[in-house]
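>>> Next input, structure requested:
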Amino acid sequence: MQSIRKAFTLIELLVVIAIIAILAAILFPVFAQAKAAAKKTQSLSNMKNIGLGVIMYSSDNDDKFPALQVYDYRPGDAPGTCNQQIKWQDAVHPYIKNGRGTTGAGTTNANAGSGNYDEGIFLSPGGRKQSGSSYAMHQDVFMDAPTVPWNNCDPTADPTYTNDFRTFSQTQLEDLANKVMMIERGNSNGDWAFLQYAAWEWDWDVWGYNRSNGTVAGDNEGDIRRINRDCDGGFNNGDQWASCSMFPRYRYTNSSPFTFFDGHVKAMSRSAGPNANASSQINWVKNVLILEAVRPSWSSWYPY
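Model prediction:
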């Protein structure tokens, strides 16, 4: 007697497919959140180690933080010229020894001899690799040094510049545990990166800081609501000063990692999307404004 083979009915197959689809809909977001959490943890580790490198550098250099960049004589150039860029990453790299990237030795650009710092510890696990670190330093504290290429390496050629653009000591700054030293920034549109993050009030929010009493006007709390702040690839397909790559990028489930001047790191959330009428956890007055780093020639009008 021939046995009868029983096959699945169309209804049974559809039920199984529906169950698989429901499970996938439930699990995929969980997997995505777990992946984002792992990347955030890695970025926090990167920023912790870079921050410790900065602090160790300052301890060995009279408590001075490194400059964003200085320029020095490059072998083979005309005497008196000053075309060799030395970045803050070059200063702290001996304490980290990770992620230097291509040196550019033998090239004719101003970066020759300096690393790109576009890999390893200097590359965010959530950002795009490009020439330059994914992490940026406080604009006012990590200033350019007074020696600049357009004055032939003579630091006395422009006294105003020398007075304004200087580095600072840890002992000059107050409330180090609440001030943001370093951010994970957005990517620029091209293959390059800012060394600093924007720290001025008009870049973060509307004007309104009252220097006489330390208050702000209205709802000015120093978040980054505008779309040309929390973004990648430039704004309107172009790179602008105080745009995407000079601000924190909230890549990890609406949060971003920050390194503070005392060396601790913390992921902080953004409570609303771009252009929303709500604040992030970062407060410009509390976390970004550093009055001790106000440039002398700007003291009459900055901060606003």
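>>> Check which helices and strands the lengthiest helix in the chain is in contact with.
The single longest helix within the chain, with elements called by DSSP state H, is helix 10-59. When contacts are defined as 3 or more Cβ pairs under 8 Å, 6 or more residues apart in numbering; DSSP states H and E, helix 10-59 sits against helix 88-96, strand 135-138, strand 180-184, strand 255-260, strand 265-269. Where you see a C-beta, it was placed from the backbone N, CA and C, and this is true even at glycine.
>>> Gly233 touches Gly190, doesn't it?
No: using Cβ atoms under 8 Å, Gly233 makes no contact with Gly190, being 9.3 Å away.
>>> Between those two, which is the more surrounded one?
Gly233 (16 against 13; other Cβ atoms under 10 Å).
>>> Distance-wise, check the more buried one relative to Leu123.
According to Cβ to Cβ, to the nearest Å, Gly233 stands 17 Å off from Leu123.
>>> how much distance is there from the longest helix of the chain to the middle of the chain?
Distance of helix 10-59 from the chain centroid (Cα atoms, centre = their mean, to the nearest Å) equals 21 Å.
>>> next one: stretch 255-264
Distance, centroid of stretch 255-264 to centroid of chain: 10 Å (Cα atoms, centre = their mean).
>>> end-to-end on it?
For stretch 255-264, the first and last residues are 17 Å from each other (Cα to Cα, to the nearest Å).
>>> By mean pLDDT, flag the weakest helix or strand of the chain.
Lowest mean confidence among the helices and strands of the chain (mean pLDDT, DSSP states H and E): helix 159-164, at a mean of 72.
>>> Name the surrounding residues that touch that one.
The contact list for helix 159-164 (Cβ atoms under 8 Å, 6 or more residues apart in numbering) reads Met143, Pro146, Val148, Asn151, Pro155, Thr156, Arg295, Pro296, Ser297, Trp298.
>>> May I see the buried residues of that helix?
Tyr161, Thr162, Asp164 (16 or more other Cβ atoms under 10 Å).
>>> swap in stretch 126-138?
Buried residues in stretch 126-138, defined by neighbour count with 16+ other Cβ under 10 Å: Gly126, Gly127, Gln130, Ser131, Gly132, Ser133, Ser134, Tyr135, Ala136, Met137, His138.
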